[in-house]
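Novice: model this:
(chains A and B)
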2 protein chains.
Amino acid sequence: MATTSILRLRPAPLTRGLFTPYGDVIESDGNPHYTINDGYAERFSDLAAIDVGAQEGQIRVNIFHALPRALPLPIRMVERHPLSSQAFVGMSERPFLVVVAAPGRTPLASDLHAFVTNGRQGVNYARGTWHHPLIAFATPADFLVIDRGGPGENCDEVFFGEGEIVLEAPTV
Amino acid sequence: MATTSILRLRPAPLTRGLFTPYGDVIESDGNPHYTINDGYAERFSDLAAIDVGAQEGQIRVNIFHALPRALPLPIRMVERHPLSSQAFVGMSERPFLVVVAAPGRTPLASDLHAFVTNGRQGVNYARGTWHHPLIAFATPADFLVIDRGGPGENCDEVFFGEGEIVLEAPTV
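Specialist: Just a heads-up that it's a prediction; the model follows:
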């Protein structure tokens, strides 16, 4: 009998260095900042390359209320937005999981990488970055989402087989 | 002897109706939504009129780390951004205080209104809305801030006298 080989994605702690091929990590930790508001705020400026203007696109600011996924999670698809970036920033300090492949050709299972945020990190998927839809876990969580509204088809999807890829729970 | 009259601003609970003259309340509560992501998310779409394109402006996504202000707080100034909107969304479910006056002529003390968020609400100041800089209280808090980068002078300030206006703590 043929043996099936399941790809088990293990989420790595998210860092800007590791995420460079996919877009921006939106976080204050380790970023330059300066003091404003008479000392009552530190400003961490310009943390994401928002790219929504193609084909007369307009920026949209949205809230996604996400329900937790059970882990391990079978990964059956990823999508990309060929016309725009898309940013997700948590509103409640809950870690979430990110599954991505670099922009370009249709990804194979082996092109996927998984990350877990630290609860204070958002992500901005660069235009064309393949990504799984939002993955909250453990608890429901709200996210501020910055994306594009406007004309044109802005979502491509690619599907994987049943039992081909499983996303593991992050190690604590 | 002349008596001095201190204007005491008492923060009202923030609602979209009350905030209409000043911009948008960014919240899910009570807004229309639809299901996405195979049932794992509710999407509350297009919650803020982001207005940053004047004079070749570009959107900037920033994090402000705010220190708590002591209350009651003397209000000595408000500012406006004549070229752009500016949005503040909490990343840690902490209420914050908002002091505003409608766009238009230089505000008098009596034009100011104060609001307290419920911890799940952000605000988007419309272009030209007079507002006090970010007011966290009780604890430090992080905010995602969506504003404008680009050429041109984009901040006007107006000052009030010492002892003219005091922002009271919200009633619990």
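Novice: show me the shaky parts of chain A.
Specialist: Applying pLDDT under 70 to chain A picks out residues A:1-4, A:172.
Novice: how does it look with 50?
Specialist: Residue ranges of chain A with pLDDT under 50: none are present.
Novice: do a quick rundown of the helices in it.
Specialist: Per DSSP state H, chain A carries helices over the ranges A:16-19.
Novice: residue A:163 is in contact with residue A:7, correct?
Specialist: No: Residue A:7 lies out of contact with residue A:163 (C-beta atoms under 8 Å); the separation is 9.7 Å. In this view, the C-beta of every residue, glycine as well, is placed from N, C-alpha and C.
Novice: so for these two, which sits in the more crowded spot?
Specialist: For residue A:7 and residue A:163, the more surrounded residue by other C-beta atoms under 10 Å in any protein chain shown is residue A:7, and the numbers stand at 15 against 12.
Novice: from residue B:17, how far off is the more buried one?
Specialist: Residue A:7 is 51 Å from residue B:17, where distance means C-beta to C-beta, to the nearest Å.
Novice: equivalent analysis for residue A:154, please.
Specialist: On the measure of C-beta to C-beta, residue A:154 and residue B:17 end up 33 Å apart.
Novice: more neighbours: which of those two?
Specialist: Legend: neighbour count by other C-beta under 10 Å for residue A:154 and residue B:17, higher for residue A:154 (21 against 7).
Novice: the residue nearest to the more buried one when sequence neighbours are not counted: what's it in contact with?
Specialist: Once flanking residues are discounted, residue A:154 sits nearest to residue A:83: 4.4 Å by C-beta to C-beta, 6 or more residues apart in numbering or on different chains. Shown in contact with residue A:83 (C-beta atoms under 8 Å, 6 or more residues apart in numbering or on different chains): A:52, A:54-55, A:57, A:127, A:148, A:150, A:152, A:154.
Novice: phi, psi for residue A:83 please.
Specialist: Per-residue torsions, residue A:83: phi -110, psi 0 (degrees, to the nearest 10).
Novice: stretch A:127-144 spans what distance, first to last residue?
Specialist: 18 Å (C-alpha to C-alpha, to the nearest Å).
Novice: same check, this time on stretch A:131-146
Specialist: 15 Å.
Novice: in that stretch, what counts as buried?
Specialist: A:131-137, A:141-146 (16 or more other C-beta atoms under 10 Å in any protein chain shown).
Novice: list the contacts of the closest residue to residue A:57 other than its chain neighbours.
Specialist: Counting by C-beta to C-beta, 6+ apart, residue A:57 lies nearest to residue A:150, which is 3.7 Å off, once chain neighbours are set aside. Contacts for residue A:150 (C-beta under 8 Å, 6+ apart) come out as A:52, A:55-58, A:83.
Novice: and for residue A:12, the neighbour number?
Specialist: Applying other C-beta under 10 Å, I find that residue A:12 has 15 neighbouring residues.
Novice: what's across from the nearest residue to residue A:113 once chain neighbours are set aside in the sheet?
Specialist: The shortest distance from residue A:113 to any non-neighbouring residue, by C-beta to C-beta, 6+ apart, is to residue A:100 (5.8 Å). Beta-bridge partners for residue A:100, by DSSP bridges, are residue A:113, residue A:131.
Novice: in contact with residue A:100, which residues?
Specialist: Residue A:100 sits in contact with A:19, A:22, A:78, A:112-115, A:125, A:129-132, where contact means C-beta under 8 Å, 6+ apart.
Novice: then residue A:89?
Specialist: By C-beta under 8 Å, 6+ apart, the neighbours of residue A:89 are A:26, A:122, A:143-146, B:89, B:91, B:144.
Novice: excluding sequence neighbours, find me the nearest residue to it.
Specialist: residue A:122 (3.3 Å).
Novice: looking at it, that neighbour is touching residue A:88, isn't it?
Specialist: Yes: using C-beta under 8 Å, residue A:122 is in contact with residue A:88, at 5.6 Å.
Novice: what sits in contact with each of those two?
Specialist: Both residue A:122 and residue A:88 are in contact with A:143-144, where contact means C-beta under 8 Å, 6+ apart.
Novice: give me the more crowded residue out of those two.
Specialist: Neighbour comparison, residue A:122 and residue A:88: the larger count goes to residue A:122, with 26 against 22 (by other C-beta under 10 Å).
Novice: just give the nearest non-adjacent residue to residue A:128, would you?
Specialist: Leaving aside its sequence neighbours, residue A:128 is closest to residue A:103 (3.4 Å, by C-beta to C-beta, 6+ apart).
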